[in-house]
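Q: Take this sequence and fold it.
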Amino acid sequence: MRKTSAERRVLIVGAGAAGLSAALQLQRRGFSVTVIEESSPGSGASYGNSGMLVADTAIPTFQPGMIWKVPGWLADPLGPLTVKAAYLPRALPWLWRYLRLGTRANVLETAEALRPLHRYTLDGWRDNIGDEAMARLTRQDGQVYLWERMKAPPARSLEDEVRARFGIESDALGSDRIRQYFPGISREVSHGLLIPGNGHTVNPRGLVGALTETFRREGDGALLHERALRIWREGDRWTVMTNLGNHGGEAVVVAAGAWSGRLLAPLGVAIPLETERGYHVMLSNPSVRLGMPILNKSRYFGMSSMSEGLRVSGTVEIAGLDAPPTLARARVLTAQAKRLFPDLTFDEEAYWMGHRPSIPDGLPAIGEIPGQPGLYACFGHGHSGMTAAPASGRLLAELMAGERPTIDPAAYSPARFS
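A: Sure, this is the predicted structure:
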């Protein structure tokens, strides 16, 4: 006899935005949920990200022609992309799969799949944490793209085509309006584009903390501060071994971000997951306060005002999970910020490095893993984990509960790698 959801215990490995969104949505459907996380919730990529909730951005990071830019980026050790030489042989298969997807057809196909995950972000976070926490922790003031030293506006791009396809509002900005939005910005900034439907959080860790509190408040779910070491199945029951013991359940959700591949490898599950190591610097007590986040499209970095100060984020470093941080890649972000705002002052700078969990086709893995009944994936969101987490968690819960999914799950299925 099939168990009801209330009789099914689910173990979720990972307490980032995606894992906790899935935990809450499963709990609301009557599942008994235990979340296993070594660190405090939201202390990884869910903490150190740019804070941007890009409801109206649905473009993958790979683009036509990008493959020809890579040699120049790699030649600059502080450029937007670097690959550690010792890690290159291991990274090459992933990089090749990623770069060869940079065609117009692939970009449009991926955008079609990203749009349903992204457009729900603001409503989804509100559903997850409530109106009060939403008002305290998020803003929907828009986002501005900036270009430097261009005599004419940027040529119409594939990203413009994607916005037109989905009816996404945007507004071109000349230098005067840019300076109205951002007093003191460099004269090198020549053109901008406002995306009014995008938003951001002023405290990423606080946002995940509010999600954690909702999970604790709404049901009898447990949060265990333990390190998951191994997963296996015996009969119809799954076990997660941690540094403190074994935990059993009828289903396991792997939502461990960039570490998900290590947990799945002993089971023979090979999803092409790589870590795009990202950096940020937090500038305390800054003289510049941004009304909305900036994404510098000329130099590939972002800036956002948060409750702790001014966060400058960006860069992609392919070096695996174990290499130490490259401090120079964090320090260059301070230089980028001071170049954009020449009169910028601040008290202190605090550096951070974290691991974006990225799959080469630009889409997360959400759903049951083929050949492993009761084992589910919810990871691989790359640069948009905070944005896509609410829809991803809801979709996974719908699939596990046997509900009709609100969005087509096919594009995210782990079966695409079988």
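Q: drop to CA atoms for contacts and neighbour counts, all remaining ones
A: Fine.
Q: In stretch 298-317, which residues are buried?
A: Buried residues in stretch 298-317, counting neighbours by 16 or more other C-alpha atoms under 10 Å, are found at 300-306, 309-317.
Q: and this protein, what are its domains?
A: The record's domain parsing of the chain by automatic domain parsing lists 5-46+205-271+361-417, 56-114+136-199+274-358.
Q: Can you give the contact residues for stretch 90-97?
A: P272, L273, E274, I318, P360, D361 (C-alpha atoms under 8 Å, 6 or more residues apart in numbering).
Q: ok, now with 10 Å
A: 67, 83-85, 88, 98, 272-275, 318-320, 358-361 (C-alpha atoms under 10 Å, 6 or more residues apart in numbering).
Q: Take those residues and keep only those in helices.
A: I67, L88, Y98 (DSSP state H).
Q: what residue lies at the spatial centre of the protein?
A: In the chain, the residue lying closest to the centroid (C-alpha atoms, centre = their mean) is G385, at 2.3 Å.
Q: Per-residue pLDDT of that one, please?
A: On pLDDT, G385 comes in at 96.
Q: How far off centre is the host helix or strand of it?
A: Secondary structure assigned from DSSP states H and E places G385 in helix 385-401. Here helix 385-401 is found 13 Å from its chain centre; the criterion is C-alpha atoms, centre = their mean, to the nearest Å.
Q: Flag the shaky bits of the protein, pLDDT-wise.
A: Low-confidence segments of the chain (pLDDT under 70): 1-7.
Q: Kindly list the main-chain dihedrals of T334?
A: In terms of degrees, to the nearest 10, the main-chain angles of T334 are phi -60, psi -40.
Q: need the contact list for it.
A: By C-alpha under 10 Å, 6+ apart, the residues touching T334 are H280, V281, M282, L283, R311, V312, S313, L340, L344, E349, Y351.
Q: Now for G79, how many residues are close by?
A: 17 (other C-alpha atoms under 10 Å).
Q: isn't it right up against A330?
A: No. At 11.5 Å, G79 does not count as touching A330 under the criterion of C-alpha atoms under 10 Å.
Q: which neighbours do the two share?
A: Taking C-alpha under 10 Å, 6+ apart as the contact rule, G79 and A330 both touch T315.
Q: Now do the buried residues in the helix or strand hosting G206.
A: Secondary structure assignment for G206, by DSSP H and E: helix 204-218. Within helix 204-218, the residues scored as buried using 16+ other C-alpha under 10 Å are P204, R205, G206, L207, V208, G209, A210, L211, T212, T214, F215.
Q: can you map out the strands along the stretch 151-300 of the chain?
A: Under the criterion DSSP state E, counting those that start in this stretch, the stretch 151-300 of the chain contains strands at 171-173, 189-195, 199-201, 222-224, 228-234, 237-242, 246-249, 251-254, 274-283, 294-296.
Q: can you tell me which residues contact P266?
A: Contacts for P266 were tallied using C-alpha under 10 Å, 6+ apart; they are R230, I231, W232.
Q: hang on, I meant L211
A: By C-alpha under 10 Å, 6+ apart, the residues touching L211 are 15-17, 20-21, 23-24, 41-42, 125-126, 128-130, 133, 205, 217.
Q: Restricted to helices, list those residues.
A: Of the positions in those, A17, L20, S21, A23, L24, W125, R126, N128, I129, A133, R205, R217 sit in helices, assigned by DSSP H.
Q: sorry, back to before: right, so of the strands of the stretch 151-300 of the chain, which gets closest to I407?
A: With distances scored as C-alpha to C-alpha, the stretch of the strands of the stretch 151-300 of the chain nearest to I407 is strand 251-254 (19.5 Å).
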